[in-house]
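Enquirer: what follows is a predicted structure for the sequence shown.
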Amino acid sequence: MAIKRRIRNLVIRDARSKDYDEILKVTLSAFQEHAALMPLHWESYRQGIIARLSDVKPAEQIVAEKDSTIVGTVLLFPVGTVFTMPDRAPITLVYPEVRLLAVAPSAQGRGVGAALMSECIRRTIISGAAALTLHTTDVMHVARRMYEQIGFVRAPELDFHSTKDLIIKGYRLNLDKKTARKVGKAVFSRKSRKT
């Protein structure tokens, strides 16, 4: 279980309505690096990001802030959230789910993503949910490696295709009592946090 905090004075908190422009900028700049790897899908993916961030409810929007600047953001959707997609049956979340984890390019590689994931895990443990899920693609190598280091495992039953040739892979972090204690120690041992 590798959850480390490497940035001093990083504040993890709930987003405020005035943060929208900064959150959008950070998210689009973080995902832009994947545009060249998914040229056929990038524009629709980008539009999907903009649409999702325009109305995040019922998700909790969490930000990482350093020196009064947002350097990372993530959405945490609760159990029961229903996602509808064209030409597919609606998906109802059985566990909380992380979506759109993004770290500003200037802050990548310093533990911001891990700190945001740590907060999502903390909130999931507090909610009493048995697991936390997420989705990612093969082009997101760094994110996948971080998720696996934290303890997420592939959950193929959660996979779906956004288009015929693009598979969105599901991952799950089981939070049985033993795992929750282990993860909880790593997550809750972090020094002060503002939410």
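Expert: Happy to help now that I have it. Values in this document were obtained by computation on a predicted structure and should not be read as measured data. Residues are numbered from 1 along each chain as shown.
Enquirer: what about residue 77, distance to residue 32?
Expert: Using CB to CB, to the nearest Å, residue 77 is found at 23 Å from residue 32. For the C-beta atoms, the positions are set from N, CA and C on the backbone; glycine is no exception.
Enquirer: ok, the two, which is more surrounded?
Expert: Legend: neighbour count by other CB atoms under 10 Å for residue 77 and residue 32, higher for residue 77 (20 against 12).
Enquirer: what residue ranges in this protein score low on pLDDT?
Expert: Residues of the chain meeting the criterion pLDDT under 70: 1-7, 34, 36-41, 86-87, 161-166, 179-195.
Enquirer: in three-state terms, label residue 47 for me.
Expert: With DSSP: H, G, I helix; E, B strand; the rest coil as the basis, residue 47 sits in helix.
Enquirer: what about it, how many neighbours?
Expert: For residue 47, the count of nearby residues is 10 (other CB under 10 Å).
Enquirer: check the one 5 residues further on too.
Expert: Per other CB under 10 Å, the neighbour tally for residue 52 reads 15.
Enquirer: again, but for the one 5 residues further on
Expert: The local packing count at residue 57 equals 8, with neighbours defined by other CB under 10 Å.
Enquirer: doesn't it lie inside a helix?
Expert: No - counting by three-state DSSP, residue 57 falls outside a helix, being coil.
Enquirer: next one: it from residue 75, what distance?
Expert: 10 Å.
Enquirer: just residue 47 next, same as before
Expert: With distances taken as CB to CB, residue 47 is found 17 Å from residue 75.
Enquirer: output the longest helix belonging to this structure.
Expert: Longest helix in the chain by number of residues, with DSSP state H as the criterion: helix 112-127.
Enquirer: beyond that one, next helix or strand please.
Expert: Per DSSP states H and E, helix 112-127 leads on to strand 131-136 as the next helix or strand towards the C-terminus.
Enquirer: what about residue 56, neighbour count?
Expert: Using other CB under 10 Å, residue 56 has 17 other residues around it.
Enquirer: what sits against the residue lying closest to it once chain neighbours are set aside?
Expert: Using CB to CB, 6 or more residues apart in numbering and skipping the chain neighbours, the partner closest in space to residue 56 is residue 75 (5.7 Å). For residue 75, the contact set (CB atoms under 8 Å, 6 or more residues apart in numbering) comprises 52, 56, 59-62, 98-100.
Enquirer: list the buried residues for the strand or helix carrying residue 75?
Expert: Assigned by DSSP H and E, residue 75 belongs to strand 69-77. Applying a neighbour-count criterion of 16 or more other CB atoms under 10 Å, one finds 70-77 buried in strand 69-77.
Enquirer: same question for stretch 58-69.
Expert: 59-66.
Enquirer: please apply the same query to stretch 140-159.
Expert: The neighbour-count check on stretch 140-159 (16+ other CB under 10 Å) flags 140, 143-144, 146-147, 150-152, 155, 158 as buried.
Enquirer: turn these into JSON lines, including secondary structure and distance to residue 89.
Expert: Below are the buried residues of stretch 140-159 laid out as JSON lines (DSSP: H, G, I helix; E, B strand; the rest coil; distance: CB to CB, whole Å):
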{"residue": "140", "secondary structure": "coil", "distance to residue 89": "25"}
{"residue": "143", "secondary structure": "helix", "distance to residue 89": "27"}
{"residue": "144", "secondary structure": "helix", "distance to residue 89": "26"}
{"residue": "146", "secondary structure": "helix", "distance to residue 89": "30"}
{"residue": "147", "secondary structure": "helix", "distance to residue 89": "26"}
{"residue": "150", "secondary structure": "helix", "distance to residue 89": "30"}
{"residue": "151", "secondary structure": "coil", "distance to residue 89": "30"}
{"residue": "152", "secondary structure": "coil", "distance to residue 89": "25"}
{"residue": "155", "secondary structure": "coil", "distance to residue 89": "18"}
{"residue": "158", "secondary structure": "helix", "distance to residue 89": "14"}
